[in-house]
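Student: just need the structure, nothing else, for what follows:
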Amino acid sequence: MLPGCYLSSGESEQPRTKARVHPVFSVLFPGLIKLVCLCNNKILYSTNLYVNMGFHYLRFRTYSHATENEKNVEKALRFVSGTDKIEKRKTKGYHGNPIIIMEATIKKSMEVKAFFSGLKKHGLVEKILDELESRIDEDHNFYLRFDKQKAFFQEYEFVKHDDVVSVKGKIKSFPTNKRDAAKTMKDFLENL
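Tutor: Numbers count the residues shown, from 1 in each chain. Below you'll find the predicted structure:
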């Protein structure tokens with residue numbers, strides 16, 4: 001029980017009476033809690049509290065081919081991921097051509113929320129919601145693909161081709177099934 005609050009009928013000449021406010025928490029699904037404050041069995045306040053952003057991590061990946069400027073590819077990855085912490089690995093393509101794999105990972109709730117809030121500002125959350133089922137697999141992984149060239153110019157565009165900054169996120173979902181993962185993701189996006 002919380003400390004008492006004072007209620008008033010709204011008329012200034014009447015004394016205020018002290019009453020107890022009772023918070024009631026209900027787990028709607030993992031990560032989302034409904035808070036309802038009751039006083040004399042009347043609802044004073046109700047809100048949803050997002051406790052956990054619903055992701056174990058978001059991993060961003062892109063490739064810098066020999067024909068590309070490495071710094072430009074890195075700039076595109078920074079724009080999409082929102083982080084400067086980029087890991088690089090050198091490898092070779094099928095024909096021996098040099099390739100640099102660039103990856104960035106975010107795990108903190110605030111970083112995850114900032115990423116999706118940025119997408120919301122650009123009107124992309126609605127598109128994600130429309131395509132949500134096709135963006136989640138049976139292992140609760142969530143996928144996005146951004147055009148790498150547009151990302152260099154600080155623009156977001158979802159694409160299906162291969163020249164991309166890809167995003168893979170592991171959704172926290174219990175029990176573990178695709179439907180619950182999709183619901184977790186949907187509620188997260190709708191409550192940004």
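Student: where do the strands sit along this structure?
Tutor: Remark: strands assigned in the chain by DSSP state E are 5-7, 17-19, 22-29, 32-39, 42-50, 55-65, 87-92, 98-106, 141-147, 164-171.
Student: which of the ones you listed sits most buried?
Tutor: strand 164-171 (a mean of 21; mean count of other CB atoms under 10 Å). Where C-beta positions appear, they are placed from N, C-alpha and C, glycine not excepted.
Student: next one: that strand to chain centre, how far?
Tutor: In terms of CA atoms, centre = their mean, to the nearest Å, the centre of strand 164-171 is found 11 Å from the chain centre.
Student: can you count the residues close to the residue nearest to N72 when sequence neighbours are not counted?
Tutor: Leaving aside its chain neighbours, N72 sits nearest to F152 (5.4 Å; criterion: CB to CB, 6 or more residues apart in numbering). For F152, the neighbour count with other CB atoms under 10 Å is 20.
Student: and the nearest residue to Y143 once chain neighbours are set aside, what's its pLDDT?
Tutor: Spatial nearest neighbour of Y143, chain neighbours left out: R135 (5.3 Å); criterion: CB to CB, 6+ apart. If you check R135, the pLDDT there is 97.
Student: mind checking how far R135 is from G93?
Tutor: R135 sits 28 Å away from G93, going by CB to CB, to the nearest Å.
Student: just want to know which of those two has more residues nearby.
Tutor: Between R135 and G93, counted using other CB under 10 Å, R135 has the larger neighbour count: 20 against 11.
Student: so which helix or strand of this structure has the lowest pLDDT on average?
Tutor: Lowest by mean pLDDT, DSSP states H and E among the helices and strands of the chain is strand 5-7, with a mean of 43.
Student: picking up where we left off before, looking at the strands of the chain, which is nearest to N191?
Tutor: Proximity to N191 (CB to CB) singles out strand 42-50 among the strands of the chain, at 5.6 Å.
Student: what's the domain layout of the chain?
Tutor: What automatic domain parsing lists as the domains of the chain is 5-50, 55-190.
Student: which of the ones you listed has the lowest average pLDDT?
Tutor: Among these, domain 5-50 scores lowest, at a mean of 60.
Student: how many residues are close by E74?
Tutor: Based on other CB under 10 Å, the number of other residues close to E74 is 19.
Student: which residues does it contact?
Tutor: S64, I86, M102 (CB atoms under 8 Å, 6 or more residues apart in numbering).
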